[in-house]
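Visitor: make a model of this:
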Amino acid sequence: MNGWVLLVEQLDRLSRQQPIQTLNLITSLTGAGVTIFETSTGRKWDNDSVRSSWTDLLEAFIRAGLAFDESDKKSKRIKSAWMATRERGATKDGQADPRIMPGWIEVVDGRYKIIEARAQWIRSIFRWCIEGVSLMGIARRLNADSKSRWTAGSWAAPNISQLIRARNALGEYLPQTKDQNGKRVPAGDWTKCYPAIIDEPTWQAAQAALQRRASASPSARNRRINILAGMVICGACFGPLFLGTHNKSARRLICRNRHQNSGCDARTTYHYPNLERGVLDNVLHIAVPDQTGPGSSAGLITNLELSLQERKARLEKLVDSYSRTGSAAMERGILSLEREILVGEDDLARLRRQEREAANRPAPTELLKRASELRGKMVDDDSRSHMNQLLRSLVTSIVMNPANMEATVILLGGLAAIRLDKHGNKIAEADAKAMLLDPEGRAQAIAATIGSDVPHRMMLDQWEARTEV
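Guide: A predicted model of the protein is given here:
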């Protein structure tokens, strides 16, 4: 056997798809020069045998059908058994199934048993919630003691909220399945499966406490809308910052990892009004690189079209000369030009596709214009949320330096950078408009803006990767 050989113990190991799909796979492989060899029988399928003997394909089709039927039956039996286990809360033998139990339950001698050391932490979560402790405060208390964690990672407000809202602590299990997008969705109702660690009144009281938080005064929420949400990160741990209150008058940005005792040692908080003002003052007036020059998508397409036209004209002349002389050198030139034209046409198609995709996105200049107009209208919840969406289209990240409370604002995926002091005043700026045309000066200019400490150097790496020419 020459060329590539694919060894399979049995033909049905090749695929358990529908028979026609398996047949298409076999013909595709053999058509590409691959020989399929079945080690258990010594049978082989290659391009010659498949084309000369239809019985080879018929045999493969029948065996693929049998393999698919067997696989489908097994899949249905396993799925049916799993559904029955979920409904019963145990296996068909009445044994506890560890796949459906939470982390505070274990299986001992085939029965569910509460792990009291863990259950006490879950009960504390419900008690603190009822007492009015915030979800962030609960996370902070839990993360302060390593014994509260029995899996990787740390406690955070979202998973605490999910735990309180679910009915697992009542000893109930909710069957789930995956939808076509791979997202888990309910596949039934909550069912009693294992011992409860709280009672129904406790669970209901916790739900009422969560509802009271959700129905807080809208005016109170509006005063705390963070238009920089999702952009600001801690320069020490690269975790997100959230808007809190450091005292009665000042609104401060606080590292979430530090606040939750999740591994950050930076105790610095940042004056939010100064940062907001600094970002709005400078981001809305930053120079945007010219999008229509020779390095733009439109310029590249034009240059490539002209290059292809020139190559095709040369190809026509070579073909005409070759038809008269039969020169071997001309033949090689024709083959070389044909390859160049094919590559160029592929590149042209890719650039045109990218241009169409870019046309569907707002231009940076348009985003800046809209954000500038909206700034004077930030008087309510909706307008501030709208400003946040616009800024997130412009700002890649804002890295806060805990050593000096300075902020480095990376714009447009690395096309520009601004450095602000702790009062929100601009102290340095790097604009890609000139640097894209001057690769030698690019690194020095952006380095002067960003600095030499580790968090800012990571932003420099992002800049250089983005603007490499």
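
Visitor: every contact and neighbour count from this point should use C-alpha atoms.
Guide: Noted.

Visitor: please verify my assumption that Thr202 contacts Phe126.
Guide: Yes. Thr202 lies in contact with Phe126 (CA atoms under 8 Å); the separation is 7.4 Å.

Visitor: the two: which has the busier surroundings?
Guide: Taking neighbours as other CA atoms under 10 Å, Thr202 and Phe126 compare with Phe126 leading, 23 against 15.

Visitor: what mean pLDDT does the helix or strand harbouring the more buried one have?
Guide: Phe126 is part of helix 116-131, with elements assigned from DSSP states H and E. The pLDDT scores in helix 116-131 average 93.

Visitor: and the next element down the chain from it?
Guide: Next element after helix 116-131 (DSSP H and E): helix 135-143.

Visitor: how distant is that following helix from the center of its chain?
Guide: Helix 135-143 sits 26 Å away from the centroid of its parent chain (CA atoms, centre = their mean, to the nearest Å).

Visitor: tilt between it and helix 116-131?
Guide: 160 degrees (axes from the mean of the first three to the mean of the last three CA atoms, to 10 degrees).

Visitor: doesn't Tyr112 fall inside a helix?
Guide: No. Counting by DSSP: H, G, I helix; E, B strand; the rest coil, one finds Tyr112 to be strand, located in no helix.

Visitor: pull the number of nearby residues for it.
Guide: Tyr112 - counted by other CA under 10 Å - has 19 other residues nearby.

Visitor: hmm, Trp104 and it touching each other?
Guide: No. In this structure, Tyr112 is not within contact of Trp104 by CA under 8 Å, at 10.2 Å.

Visitor: break this protein into its domains for me.
Guide: 5-88, 98-215, 220-289+364-469, 297-359 (automatic domain parsing).

Visitor: tell me which of these sits most buried.
Guide: domain 220-289+364-469 (a mean of 18; mean count of other CA atoms under 10 Å).

Visitor: what's the mean pLDDT across that domain?
Guide: Average pLDDT, domain 220-289+364-469: 71.

Visitor: got it, and stretch 137-154?
Guide: pLDDT averaged over stretch 137-154 gives 86.

Visitor: just how off-centre is it within its chain?
Guide: Distance, stretch centre to chain centre, for stretch 137-154: 26 Å (CA atoms, centre = their mean).

Visitor: what residues does it touch?
Guide: With contacts defined as CA atoms under 8 Å, 6 or more residues apart in numbering, stretch 137-154 is touched by 103, 118, 121, 125, 128-129, 155-157, 160, 259-262.

Visitor: and for stretch 59-71?
Guide: 11-12, 15-20, 22-23.

Visitor: in JSON lines: those, plus secondary structure, pLDDT and distance to Asp346.
Guide: Listed next are those as JSON lines, based on DSSP: H, G, I helix; E, B strand; the rest coil; pLDDT from 0 to 100; distance: CA to CA, whole Å:
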{"residue": "Leu11", "secondary structure": "helix", "pLDDT": "74", "distance to Asp346": "38"}
{"residue": "Asp12", "secondary structure": "helix", "pLDDT": "70", "distance to Asp346": "38"}
{"residue": "Ser15", "secondary structure": "coil", "pLDDT": "72", "distance to Asp346": "33"}
{"residue": "Arg16", "secondary structure": "coil", "pLDDT": "67", "distance to Asp346": "36"}
{"residue": "Gln17", "secondary structure": "coil", "pLDDT": "72", "distance to Asp346": "33"}
{"residue": "Gln18", "secondary structure": "coil", "pLDDT": "76", "distance to Asp346": "34"}
{"residue": "Pro19", "secondary structure": "helix", "pLDDT": "75", "distance to Asp346": "35"}
{"residue": "Ile20", "secondary structure": "helix", "pLDDT": "78", "distance to Asp346": "32"}
{"residue": "Thr22", "secondary structure": "helix", "pLDDT": "76", "distance to Asp346": "31"}
{"residue": "Leu23", "secondary structure": "helix", "pLDDT": "76", "distance to Asp346": "31"}
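
Visitor: widest-spaced pair of the contacts of stretch 137-154?
Guide: Maximum pairwise distance in the contacts of stretch 137-154, criterion CA to CA, is 24.9 Å, between Gly103 and His259.

Visitor: in the stretch 1-150 of the chain, which spans are strands?
Guide: Along the stretch 1-150 of the chain, counting by DSSP state E, counting those that start in this stretch, strands occupy 5-8, 35-38, 44-45, 105-108, 111-114.

Visitor: could you identify which of the ones you listed has the lowest mean pLDDT?
Guide: Ranked on mean pLDDT, the bottom entry among the strands of the stretch 1-150 of the chain is strand 44-45, at a mean of 81.

Visitor: so which elements touch that strand?
Guide: strand 35-38 (3 or more CA pairs under 8 Å, 6 or more residues apart in numbering; DSSP states H and E).

Visitor: strand partners (parallel or antiparallel) of the strand it packs on?
Guide: Paired with strand 35-38 in the same sheet, following DSSP bridges, are strand 5-8 (parallel), strand 44-45 (antiparallel).

Visitor: which residues does the first one contact?
Guide: Under the criterion CA under 8 Å, 6+ apart, residues 14, 34-39 lie in contact with strand 5-8.

Visitor: quickly note the distance from Gln176 to Thr191.
Guide: Here Gln176 is placed at a distance of 12 Å from Thr191 (CA to CA, to the nearest Å).

Visitor: and if you look at Ile341?
Guide: The gap separating Ile341 from Thr191 is 65 Å, by CA to CA.

Visitor: again with Gly171
Guide: Gly171 is 8 Å from Thr191, by CA to CA.

Visitor: residues contacting the closest residue in space to Ser49 that isn't next to it in sequence?
Guide: In this structure, Ser49 finds its nearest non-sequential neighbour in Asp56, 7.1 Å apart by CA to CA, 6 or more residues apart in numbering. Applying CA under 8 Å, 6+ apart, we find Asp56 in contact with 45, 49-50.

Visitor: repeat for Ile115
Guide: By CA under 8 Å, 6+ apart, the neighbours of Ile115 are 104-106.

Visitor: and those residues as CSV, adding distance to Glu305?
Guide: Shown next, in CSV, are the contacts of Ile115 (distance: CA to CA, whole Å):
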residue, distance to Glu305
Trp104, 66
Ile105, 67
Glu106, 68
